[in-house]
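> Just the structure for this:
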Amino acid sequence: CGDSPGGFFTPATLSNVYRVCGMSQVEEAGATLNRDCSQETVSFPDAMVAKSFPYTSWLKKADVIFNLCKLKTHGMMGLSCGAKNMFGVVPGVAKPEFHYLYPDHRDFARMILDLDEYTAPVYTICDAVWGMEGNGPTGGTPRHIGCILVSPSPHHLDLVAAALIGLQCHDVPTLEAALERGLVPEHIEDLAIAGDYKAFIVPDYQIIQTGERNLFSTNGHRGMKKVVWQVAGKLLAARPFVHRDECIKCGKCQELCPAKAILVEKKGAKICKSDCIRCFCCQEFCPVSAITVKRTWIARWLTPDKKGESEKE
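Next comes the predicted model:
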């Protein structure tokens with residue numbers, strides 16, 4: 001295991017993650033788990049956006065890298081699977097900084113692809129026996145899918161994973177970024193797939209609806225028309241929402257927010273909408289899942305949710 005969890009990247013943190021996840025049992029069989037928390041800045045001139053970035057040094061000692069992931073919904077990226085999993089190569093405390101550096105979902109996705117291209121895993125393996133639906137990637141609920149996906153390309157794997165839960169290429173920013181670079185076809189029918197993936201499709205999988213990603217893209221628009229689309233996009237933009245009756249006022253969201261847009265008050269956490277960059281770090285790391293993704297009433301009216309909202313009404 002060579003990636004870094006969110007939060008502090010220390011041997012003690014890693015040991016706790018290994019214990020909680022059950023990974024420490026592999027040491028009983030003679031395997032070795034990484035506890036080297038050194039990091040370095042690497043250069044990647046061929047990158048589209050991340051020309052240099054902090055990197056977990058231990059990975060540079062590996063002969064080959066396997067990308068092991070789970071299939072989960074994700075507040076910012078729609079889907080957390082093969083491509084998004086490689087964000088783990090960025091040391092924990094630097095992750096919120098990257099959200100602040102790339103607040104636009106498209107640029108964030110392009111940065112993720114730069115990490116994928118630099119790290120170049122030989123195989124991506126997704127455990128989709130049980131996925132996570134709803135308020136993912138940490139506060140959702142388990143959902144049985146029943147399959148394991150394997151591919152030399154994390155993007156080909158993600159296209160199949162998206163299809164299993166009712167998403168298409170343009171619903172997932174990392175897949176759109178991969179399509180932009182010619183790394184994945186737009187339609188799953190253009191992939192060579194061994195096995196019947198359709199047998200594992202879950203038609204009522206509870207995805208996170210955002211609604212604004214593709215309806216109001218400013219690509220191809222100029223001048224006043226672009227301004228109109230930008231304003232419309234903001235009206236549709238989903239945002240993190242705090243359920244104050246469930247907030248335990250632990251301060252984790254305030255601590256991790258890269259935009260410093262959260263203040264914990266007596267009644268619970270409060271998000272300043274004007275400062276929020278919609279990275280959903282707060283939603284991802286809330287220990288009691290008191291923060292969810294909430295769409296505006298305009299977005300719900302224009303794009304009715306047919307699969308169920310992740311937010312709590």
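
> C-alpha from now on. contacts and neighbour counts both.
Will do.

> who does the helix or strand where Val264 lies touch, helix- and strand-wise?
Using DSSP states H and E, Val264 sits in strand 262-265. Judged by 3 or more C-alpha pairs under 8 Å, 6 or more residues apart in numbering; DSSP states H and E, the packing partners of strand 262-265 are helix 252-256, strand 268-271.

> Turn the ones you listed into JSON lines, columns for mean neighbour count, mean pLDDT and distance to Ser24.
Formatted as JSON lines, the helices and strands packed on strand 262-265 follow (neighbours: other C-alpha atoms under 10 Å; pLDDT from 0 to 100; distance: least, C-alpha to C-alpha, whole Å):
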{"stretch": "helix 252-256", "mean neighbour count": "20", "mean pLDDT": "93", "distance to Ser24": "26"}
{"stretch": "strand 268-271", "mean neighbour count": "20", "mean pLDDT": "96", "distance to Ser24": "35"}
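
> wait, which of the ones you listed is closest to Phe285?
With C-alpha to C-alpha, the closest approach to Phe285 among the helices and strands packed on strand 262-265 belongs to helix 252-256: 7.0 Å.

> so where's the chain uncertain?
Residues of the chain meeting the criterion pLDDT under 70: 1-2, 210-236, 296-313.

> in it, which spans are helices?
11-21, 25-28, 82-85, 95-101, 105-119, 154-164, 173-180, 223-236, 252-256, 281-285, 297-302 (DSSP state H).

> Would you reformat those as JSON lines and include distance to Asp46?
What follows is the helices of the chain, written out as JSON lines (distance: least, C-alpha to C-alpha, whole Å):
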{"stretch": "helix 11-21", "distance to Asp46": "31"}
{"stretch": "helix 25-28", "distance to Asp46": "37"}
{"stretch": "helix 82-85", "distance to Asp46": "18"}
{"stretch": "helix 95-101", "distance to Asp46": "19"}
{"stretch": "helix 105-119", "distance to Asp46": "8"}
{"stretch": "helix 154-164", "distance to Asp46": "18"}
{"stretch": "helix 173-180", "distance to Asp46": "15"}
{"stretch": "helix 223-236", "distance to Asp46": "30"}
{"stretch": "helix 252-256", "distance to Asp46": "30"}
{"stretch": "helix 281-285", "distance to Asp46": "28"}
{"stretch": "helix 297-302", "distance to Asp46": "37"}
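
> That'll do, ta.
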